[in-house]
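> got a structure for you, letters missing:
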């Protein structure tokens, strides 16, 4: 059964319907996939500059806004130099 | 920890709420319910473009229209502390009983199914957070 | 945290006969005098004015709708008109 239990207290990447990418520690969730994210940072991708990381703190994100929750491989994530990454930001997702 | 527990613990704390339409509301949480409907007081509203501002004495926001809420960082530890304290108190009160239900208190709480429909009338079928 | 589950968190009786502002999913916004309501947040408003033309600096146009029943499920925001005012940027130093 697909459950978020395995991600609790792990660093995750959240992608929201408006295209935002947020990383943080998943402190909790519920049946509607509402998520509590602590120590969260928004990663703003751009083609011209490196990734901008905006610290956001403690977040409660509504489940219906979440498109994807991915467990971060922390070692791999640490090894990446964000200032070298160039990428197009994800556009808002429309149904 | 359940998102709703965090929200309930945030009463009287300042927070930022962003709605699906991009508007943001900064204010103190007065109350909240299981649908994540909230009431705020002393609210600063900003439009989606970030260039217009209003002050509101208070407002009510439908949970289904919320994109996310930002709450003070200290709240997380405060809630965990309280849950631990409650668990310790429960444990000592119950003695040395091995209590499966009690131990699941940290996560399971009361909500097993959806949004805690405690046998009330059908509340208009709304507030599931499913679409607008 | 022992709240009576059936009680609404917003006591609308305190706004009886007062002008309130209501926003709807889809972006519409009205103001009107609260005459009645129910648990589902269906409302009866009198002397209703719909605010057209948001996000434009021109004089806000309104249209009068008279006595209206507003359906609760589509309501996204509710606030009293008393104490509602436009202000300059309150966040002096952003970020």
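Sure thing, it's come through. What you are looking at is a predicted structure, and each value in this text was computed from that prediction instead of being measured.
> just for chain B, where's the confidence low?
Scanning chain B for pLDDT under 70 picks out B:95-132.
> Tell me how it divides into domains.
Following automatic domain parsing, chain B resolves into domains at B:3-70, B:74-101.
> what about those, which gets the closest to chain A?
domain B:3-70 (4.0 Å; C-beta to the nearest C-beta). For every residue, glycine as well, the C-beta is placed using N, CA and C.
> Across the sheet, point out what pairs with residue A:44.
Going by DSSP bridges, residue A:44 is paired in beta bridges with residue A:52.
> Which strands or helices does the helix or strand where residue C:76 lies pack on?
Element membership of residue C:76 [criterion: DSSP states H and E] is strand C:75-80. Packing partners of strand C:75-80 (3 or more C-beta pairs under 8 Å, 6 or more residues apart in numbering or on different chains; DSSP states H and E): strand B:53-61, strand C:19-24.
> Would you mind finding the most buried of the domains of chain B?
Mean neighbours per residue, mean count of other C-beta atoms under 10 Å in any protein chain shown, is largest over the domains of chain B for domain B:3-70, with a mean of 20.
> do it and chain C meet?
Yes: judged by C-beta under 8 Å from any C-beta of the partner chain, domain B:3-70 and chain C are in contact via B:8, B:19, B:21, B:30-34, B:37-39, B:43-44, B:47-49, B:52-62, B:64-65.
> Give the members of these that are also in contact with chain A.
Subset of those in contact with chain A: residue B:64, counting by C-beta under 8 Å from any C-beta.
> What residue, apart from its backbone neighbours, is nearest the closest residue to chain B within chain C spatially?
Closest residue of chain C to chain B, C-beta to the nearest C-beta: residue C:83 (3.1 Å). Leaving out its chain neighbours, the residue that sits closest to residue C:83 by C-beta to C-beta, 6 or more residues apart in numbering or on different chains is residue B:57, at 3.1 Å.
> Might you report the residue contacts of that neighbour?
Applying C-beta atoms under 8 Å, 6 or more residues apart in numbering or on different chains, we find residue B:57 in contact with B:41-43, C:79-80, C:82-84.
> before we move on, back to that, quick one: which of the domains of chain B is nearest residue A:36?
In terms of C-beta to C-beta, the element of these nearest to residue A:36 is domain B:3-70, at 5.2 Å.
> Now tell me which helix or strand of chain A has the poorest mean pLDDT.
When the helices and strands of chain A are compared on mean pLDDT, DSSP states H and E, helix A:74-79 comes out lowest with a mean of 86.
> Remind me which helix or strand residue B:89 belongs to.
Assigned by DSSP H and E, residue B:89 belongs to helix B:74-94.
> Just confirm yes or no for that helix near chain A.
Yes: residues of helix B:74-94 are located near chain A by C-beta under 8 Å from any C-beta, namely B:75-76.
> So which other helices or strands are in contact with that helix?
When contacts are defined as 3+ C-beta pairs under 8 Å, 6+ apart, helix B:74-94 packs onto helix B:3-9, helix B:100-103.
> Can you classify the closest residue to residue C:68 other than its chain neighbours by secondary structure?
Spatial nearest neighbour of residue C:68, excluding adjacent residues (C-beta to C-beta, 6+ apart): residue C:48 at 4.6 Å. Judged by DSSP: H, G, I helix; E, B strand; the rest coil, the three-state class of residue C:48 is strand.
> got a list of what residue C:48 touches?
Residue C:48 sits next to C:30-32, C:64-68 when contact means C-beta under 8 Å, 6+ apart.
> Also residue A:9?
Residues near residue A:9 by C-beta under 8 Å, 6+ apart: A:25-27.
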